[in-house]
Every structure is written in structure tokens, then in C-alpha cells.
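Visitor: structure for this input, please:
(one chain, ligands or ions: 1)
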Amino acid sequence: MYTRFQLAKKYLRYYLTASNGKGHGIHSPFIFDFVQHVLIDKCDYPVYQSIEKIRKQLLNNSTVIEVEDFGAGSSVIKTNQRAVSAIAASSLKPKKYAQLLYRMVQYYKPQTIVELGTSFGITTSYLASANDTSKVFTCEGSAAIAAIARRNFQTLQLKNIQLTEGDFAKTLSPLLSSLDKIDFAFIDGNHRKEPTIEYFNQLLNHVTPQTILVFDDIHWSAGMEEAWAAIKGHPAVTLTIDLFFISIVFFNPDFNHKQHFTIRV
Ligand SMILES: C[S@@+](CC[C@H](N)C(=O)[O-])C[C@H]1O[C@@H](n2cnc3c(N)ncnc32)[C@H](O)[C@@H]1O
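Guide: Numbering: from 1, shown residues only. From the prediction side, this is the model:
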């Protein structure tokens, strides 16, 4: 994992060199469409408020829960006592990116969505609210965290979510076999090189030309950057967009040649 200073330097470099997606150098109609209709859509959709209210409650919740640590390897090494507020402050995707996921689902309308890393269900709720006909299959290893996510889905009256509990190493493969194809996936758990490449390879067996994969925090560590380089270089990948804190992968063979874009959010 990079230090704060290293990460800040990387972010600064990204910020200064990334395109705004509208100017010269971007000749892709697909990217232009993505920027106009998804990235810079500033509309305040009503559901944003309901989900952010839940985030606020989590940030103020001092209840201590026992959570499994999936940090080293894919097997649980220890359990920790942690306050809900502390987990909410450190693990949840900020609203800027969570709402971007919402707009991607609203615009591209993927039907089958897989999420690795539910936590308290904030991004899951954004993904599930964006399109009534989508179904979100989300995975979480920690039982106490998953229980809180379930409560949040009830509060928001979200019925198009299926939460699978357990280590991704055990749950992902059977889940994917039961789904056949996937249209969208958000990979936001176990931010290490080998597991990230492994999840990508497993998902690859279920992608179509329309599938979109979103990876969280690919600049978080040298290992994650190596995983991102391997994903970008895979022959099935036809276009990528690096937004620094999240990065997006497309497989559509209609794009003329492989292209990688770095765009400022
Ligand atoms: C960064 S949080 C997810 C945050 C959530 N997507 C959001 O922004 O609202 C990652 C979650 O993945 C879970 N996790 C990490 N590695 C895992 C593994 N190998 N198996 C199962 N769950 C895992 C953690 O328990 C944690 O709750």
C-alpha cells in the first residue's frame, strides 16, 4: 500500500495530466457520450438523499461489532472489534463515485450486476436503485457487516438485491456459475494484486461485448497498479477509462483499436 504522500503525488500527476474528456485528443464518440451523459451529469436524483441519509447514520453509529479481517490471503486471519462509524468512515466509496456508479447503471441499464464488497450496502443501494429491472448480486465476507447492509436494504425498500455471505474465494465461483452472463461488476474488496487478477479472470468467463467492469482503487498500491496493467493488457479488453479512484473496463469489439483514457472527474 502506498503512503499518503505517495498517493497524493500520484493523484496530483493524474489530475494535471488527465483529460477533461471533452477536449482535443479524445476522438472516441463512445467516450464523448460517456462524459456527456454519465460523468458530468450534475442532476440531484431523489434517491441520492435517501442513501446519503443512511451513510450519515452509519457515520454516527458508535456500536461496536466484531468483523472478520480478510486482509491477508483469502482466508480469515483474525476478527477485530470495530465501531460501525470507523468502518463507515474508512471503507465506503465517497458519494461522488457511488453516484457515478448509479448514473452508469441508469444510463447503460445492465441487467445482471455483481458487486464484490458490500460493506454496509451504500454502493449496492446506488446500483440497485438506478434501474428497477436490474438485479444486484453482492458479496460480503463479514457476517456482522452484512447484517447491517440487509437492514439498510430494508429501510430503502430495495428488493432487487441478493447478498451472498462468505469469503469471495468460496462464493464467487458458484455465484458466477449460477448467473451465466454478467452485464456489470463492481470489484471493491480485497485490494491486492493476485486476488484482483483472479476475480477479473473469473468474471471474464461471463462477459459479453456489452459488459462493464469497474475496479476500485487501482492506484492504491504497486500491486494494484500491476493488476491494472495486466487487466488493461488482456486481449479481450478493448477500452479502459482510468478515473484514478475507480477504473472502468469495456469489451466491445466495435471499438476500432484498443484505447486507454485517463479522465479527470
Ligand atoms: C471497501 S469495502 C466495500 C465498500 C462498499 N462497496 C461501499 O463503497 O459501499 C470492502 C468489503 O469487502 C469485504 N471483503 C474484503 N475481502 C473479502 C473477501 N476475500 N471475501 C469476502 N469479503 C471480503 C470486506 O469485509 C469489506 O466489507
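
Visitor: flag every residue of the stretch 1-150 of the chain that's near the ligand.
Guide: 70, 74, 91-93, 117, 119, 122-123, 140-142, 145 (Cβ under 6 Å from any ligand atom). Every C-beta, even on glycine, is put in place using the N, C-alpha and C of the backbone.

Visitor: one more pass at 8 Å, please.
Guide: Residues of the stretch 1-150 of the chain lying close to the ligand (Cβ under 8 Å from any ligand atom) are 67-68, 70-71, 74, 87, 91-93, 98, 115-124, 139-142, 145.

Visitor: pull the contacting residues for Glu194.
Guide: Taking Cβ atoms under 8 Å, 6 or more residues apart in numbering as the criterion, Glu194 is in contact with 223, 227.

Visitor: any idea how far it lies from Ala222?
Guide: As judged by Cβ to Cβ, to the nearest Å, Glu194 and Ala222 stand 13 Å apart.

Visitor: returning to that earlier point: buried subset of the residues of the stretch 1-150 of the chain next to the ligand, written for PyMOL?
Guide: To isolate the buried members of those in PyMOL, using 16 or more other Cβ atoms under 10 Å:
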select buried, resi 67+68+70+74+87+91+92+93+98+115+116+117+118+119+120+121+122+123+124+139+140+141+142+145
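
Visitor: quick check, central residue of the chain?
Guide: Phe186 (3.4 Å; Cα atoms, centre = their mean).

Visitor: kindly indicate whether that one is helix, strand or coil.
Guide: The three-state label given to Phe186 by DSSP: H, G, I helix; E, B strand; the rest coil is strand.

Visitor: run through the bridge partners of it.
Guide: Note on Phe186: beta-bridge partners Glu115, Val214, judged by DSSP bridges.

Visitor: what sits closest to Ala146 if chain neighbours are left out?
Guide: Spatial nearest neighbour of Ala146, excluding adjacent residues (Cβ to Cβ, 6 or more residues apart in numbering): Glu140 at 4.4 Å.

Visitor: what sits against the one you found?
Guide: 117-119, 146, 149, 163-165, 189.

Visitor: reformat the residues you listed as CSV; add pLDDT and secondary structure.
Guide: Formatted as CSV, these follow (pLDDT from 0 to 100; DSSP: H, G, I helix; E, B strand; the rest coil):
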residue, pLDDT, secondary structure
Gly117, 97, coil
Thr118, 98, coil
Ser119, 97, coil
Ala146, 98, helix
Ala149, 98, helix
Leu163, 98, strand
Thr164, 98, strand
Glu165, 97, strand
Gly189, 92, coil
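
Visitor: circling back to that earlier point, enumerate every residue touching the residue nearest to the centre of the chain.
Guide: Counting by Cβ under 8 Å, 6+ apart, Phe186 touches 101, 113-117, 123, 127, 214, 216.
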